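# have a look at this prediction, sequence included:
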Amino acid sequence: MPISYPSGIIQEHKNTRSTASLFDVSHMGQIRLQGRNIAHYIESFSPIDLVNLPEGRQAYSFFTNEAGGIIDDFVAMRIGSEYRIIVNAANKQTVLSILNQNKPTHCSVELLDTYSMIALQGPSASSALSQLAPKCRSMSFMDAGILYLDNIQCAVARSGYTGEDGFEISVQSSHIEHLARKLLEIEGVHPAGLGARDTLRLEAGLCLHGNDISPEISPVEAGLSWAIPATRRTGGSRAGGFPGAEPILSMLKRGSKQIRIGLRVNDRIPVRAKTLLETKSGIQIGKVTSGGFGPSVGIPIALAYVDTSATEVGSRLDAIVRNKRIEVTVAPLPFVPLRYYRN
Amino acid sequence: MTNTKYTEDHEWATLDDGIVTVGITDFAQDQLGDIVFIELPRIGQAINQGDEGAIIESVKAAGDVKCPVGGEVAAVNESLVDSPEQVNKDPMGDGWFYKVRASDLSEWEQLMSKQAYETFVAQSN
C-alpha cells in the first residue's frame, strides 16, 4: 500500500468519511488456528474471552508479556470450526513463535501467507459490498463469516480501523486483484493508502502498536480495559491465566500512574510522536505517542500519555515543538463520532 | 520565468531588480503531500544562504525551505498562513514563500539553471 494514491492523503481521508475507500491491508498477518481446546490455548497468552465467543463473531484483544505490556493487539474471529487471528505485520513472527511454543499436538497454527486482505471502509461500504454479496447488509459490527463475493469465497468481518462502518475481507491471493478491481468499479469507492489509514485511525482514537501501545505499556494505561472481560478479571470464571495477569489485574484495581488521552492542538502546527508535554508551570507531565493533522476535525490532534493528575478534559498543557510552547487541550476520545453498524 | 534558478533542495529563486523570490518546486510539493502548516520568516530578518528560511508541515512530515540567497527578508506571503494548500496548488506562482533583498548576487548566479535542475530530478528518481 503506498502512502497515498494521486488524490493525496486529505482527499482519501475525506472520501472514507463521505463515501467509501478501499485499502490494501495484505501486510497484516492472518493466522489460522484449529483443534480441540484451541480457544483455551489462545487464552493462555491473552486476556481475551475466546471460549465463549460465538461462531460468526470477532473480538479485539492483545498478547501480553510478563510485565503486563502489550506484545501485539489483534482481532480474533471464530468461523466454523476454525479461529483466525489478524495481527500487525511487524509482529507476525513474534506472535507465531509464541503460539507455536507449547502448541498442543492435536492443534494447528498456520500463517495464511497465500492470503491477501482488503478493507472497504465508509458510509457507502455496505451498499457497495452488497452489490457483490447482499448478505453483508445484515451483518452487525464485529460479525464475521464466509461470504461469496462475485462467487469467490471470502472471510468477511464487519470491522475496521477508521471509525466508520466497513468490512475487512480476506481471500486467497490469486483472487485479490480481481476482487479489488470489482470493488473499485463501484461508484463511490476510491483507493486509499497508508497516510489516510493513519489519519483516520488517529481521529477515531485507535491505537497503533509501536506508537500508542507497546511491550512497555499495559492495557490499563492504554485505556483498553474495556477489552478485558469479566471472565478473565479477578473473580471471573477463568480469572488471570495470561502473561502479566498479576500486574494488569492489580492495575485494574488500583489505577495506573499514567493514562492515554486525546489532545487538540490550539494552533496549526502538528504535534507529533515523541513530543514532550509540560504543564503551564513548566513541569514535564507526559509525552505524545501519535499526532498529526486530522482532515475531518480540521486541526492537528494527538494521542499522548500523561500523569493521571493531568487528564481532566479541557485542561491546557504545553507541547514543546522546536523549542516553542504550543498549547494543547485535553480532549475526549474519539475525536470524531464512531459510526459502527449495529443491526 | 527566465530569471529563475533552482537548488538541490528543490527550491526555486527568481531574481527581479535585486529582490529574490523563493518557493518550492512542483516536485517538492508532490513529495511532501498535502501541506497543513507554514511558518514564514520575519520581514527585516537577516538571513544567510543555507539558513532555514521557512518551515513546512505536511500531513506526513515536517521540512524546511532553505534560503538560496542571503540578505534581508523584504516580504513574506501572508496568505500561506491561512491557506498552506496554496503551495500544493500553485507552487511556482501563488505558492511563493518570501522575498529576499540579496546582499550578494553571485550567490544567485551560482544556483542551478532550469535544465540542470530537471536533469538533477530525473537522475535522483
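Arrived safely. Numbering: from 1, shown residues only, chains lettered A, B, ... in the order given.

# which helix in the chain has the most residues?
This is for chain A. For chain A, the helix with the greatest residue count under DSSP state H is helix A:173-185.

# nope, chain B
Using DSSP H, we find that the single longest helix of chain B is helix B:114-124.

# for that one, the averaged confidence score.
Computed over helix B:114-124, the mean pLDDT rounds to 95.

# and for that helix, what's in contact with it?
Residues from elsewhere that reach helix B:114-124 (Cβ atoms under 8 Å, 6 or more residues apart in numbering or on different chains): B:Thr4, B:Lys5, B:Tyr6, B:Glu8, B:His10, B:Thr25, B:Phe27, B:Met112. Using the backbone N, CA and C atoms, a C-beta is placed for each residue, glycine as well.

# list just the nearest of those residues to chain A.
B:Phe27 (14.6 Å; Cβ to the nearest Cβ).

# in the stretch 1-150 of chain A, where is pLDDT below threshold?
When residues are selected by pLDDT under 70, none of them lie in the stretch 1-150 of chain A.

# flag every residue of it that's near chain B.
Residues of the stretch 1-150 of chain A lying close to chain B (Cβ under 8 Å from any Cβ of the partner chain) are A:Ile3, A:Ser4, A:Gly8, A:Ile9, A:Ile10.

# again, 10 Å this time
Counting by Cβ under 10 Å from any Cβ of the partner chain, the positions of the stretch 1-150 of chain A adjacent to chain B are A:Ile3, A:Ser4, A:Pro6, A:Ser7, A:Gly8, A:Ile9, A:Ile10, A:Gln11, A:Glu12, A:His13.

# determine which two of the residues you listed are furthest apart.
A:Pro6 and A:His13 (14.5 Å; Cβ to Cβ).

# thinking again about what came up before, among the contacts of helix B:114-124, who's most crowded?
B:His10 (24 neighbours; other Cβ atoms under 10 Å in any protein chain shown).

# what sits against that one?
B:His10 makes contacts with B:23-32, B:63, B:65-66, B:91, B:117, B:120-121, B:124, as judged by Cβ atoms under 10 Å, 6 or more residues apart in numbering or on different chains.

# coming back round to it: which one among the contacts of helix B:114-124 gets closest to A:Val328?
For the contacts of helix B:114-124, the nearest to A:Val328 is B:His10 (31.5 Å; Cβ to Cβ).

# and the nearest residue to the closest one once chain neighbours are set aside, helix, strand or coil?
Excluding the flanking residues, the one nearest B:His10 by Cβ to Cβ, 6 or more residues apart in numbering or on different chains is B:Ala28, at 3.7 Å. Applying DSSP: H, G, I helix; E, B strand; the rest coil to B:Ala28 yields a three-state assignment of helix.

# burial count for B:Ala28?
19.

# go on, A:Glu12?
Using other Cβ under 10 Å, A:Glu12 is surrounded by 27 other residues.

# in a helix, it, correct?
Yes: per three-state DSSP, A:Glu12 lies within a helix segment.

# ok, it - contacts?
Going by Cβ under 10 Å, 6+ apart, A:Glu12 touches A:3-6, A:21, A:23, A:190-197, A:199-200, A:295, B:34.

# repeat the analysis, applying 6 Å as the threshold.
If you count contacts by Cβ atoms under 6 Å, 6 or more residues apart in numbering or on different chains, A:Glu12 has them with A:Ser4, A:Ala192, A:Ala196.

# residues contacting the last one?
With contacts defined as Cβ under 6 Å, 6+ apart, the neighbours of A:Ala196 are A:Ile9, A:Glu12, A:His13.

# tell me where the chain has helices.
Because you didn't say which chain, this covers chain A. Assigned by DSSP H, the helices in chain A fall at A:9-18, A:38-43, A:92-101, A:125-129, A:173-185, A:194-203, A:245-254.

# can you look at chain B instead?
Under DSSP H, chain B gives helices at B:26-32, B:79-82, B:86-89, B:105-109, B:114-124.

# restricting to C-alpha, output the helix-or-strand element of chain B with minimal mean pLDDT in PDB.
The weakest-scoring helix or strand in chain B, judged by mean pLDDT, DSSP states H and E, is strand B:62-66 (a mean of 92). The C-alpha coordinates for strand B:62-66 follow below in PDB (Å, rounded to 0.1, in the frame of the first residue of the first chain):
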ATOM      1  CA  ALA B  62       8.000  18.500   8.600                       C
ATOM      2  CA  GLY B  63      10.500  20.100   6.300                       C
ATOM      3  CA  ASP B  64      12.200  23.400   5.700                       C
ATOM      4  CA  VAL B  65      12.700  25.800   2.900                       C
ATOM      5  CA  LYS B  66      16.400  26.800   3.000                       C
END
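
# what is the neighbour count of B:Val100?
Using other Cβ under 10 Å, the number of residues around B:Val100 comes to 28.

# my bad, should have said A:Cys154
23.

# residues contacting A:Pro247?
By Cβ under 6 Å, 6+ apart, the neighbours of A:Pro247 are A:Gly68.

# cutoff 10 Å now
Shown in contact with A:Pro247 (Cβ under 10 Å, 6+ apart): A:Thr64, A:Glu66, A:Ala67, A:Gly68, A:Gly69, A:Ser218, A:Val220, A:Ser256.

# ditto for B:Leu105
B:Leu105 sits next to B:Leu15, B:Gly18, B:Val20, B:Val69, B:Gly71 when contact means Cβ under 10 Å, 6+ apart.

# how much space separates the fourth one from A:Tyr60?
Spatial separation of B:Val69 from A:Tyr60 under the definition Cβ to Cβ, to the nearest Å is 55 Å.

# neighbour-wise, which of the two wins?
Legend: neighbour count by other Cβ under 10 Å for B:Val69 and A:Tyr60, higher for B:Val69 (29 against 15).

# so stretch B:71-82, near chain A or not?
Yes: counting by Cβ under 10 Å from any Cβ, chain A has neighbours in stretch B:71-82: B:Val81, B:Asp82.

# for that stretch, what is the distance to the chain centroid?
11 Å (Cα atoms, centre = their mean, to the nearest Å).

# return the set of buried residues in it.
B:Gly71, B:Val73, B:Ala74, B:Val76, B:Asn77, B:Leu80 (16 or more other Cβ atoms under 10 Å in any protein chain shown).

# with stretch B:102-122 instead?
Counting neighbours by 16+ other Cβ under 10 Å, one finds that the buried residues in stretch B:102-122 are B:Ala102, B:Glu107, B:Trp108, B:Leu111, B:Met112, B:Tyr117, B:Val121.

# so who does the second one touch?
When you say that, I think you mean B:Glu107. B:Ala13, B:Val20, B:Asn48, B:Gln49, B:Gly50, B:Cys67, B:Pro68, B:Val69, B:Gly70, B:Gly71, B:Val100 are the contacts of B:Glu107 under Cβ under 10 Å, 6+ apart.

# and it, how far from B:Val69?
For B:Glu107 relative to B:Val69 (Cβ to Cβ), the value is 5 Å.
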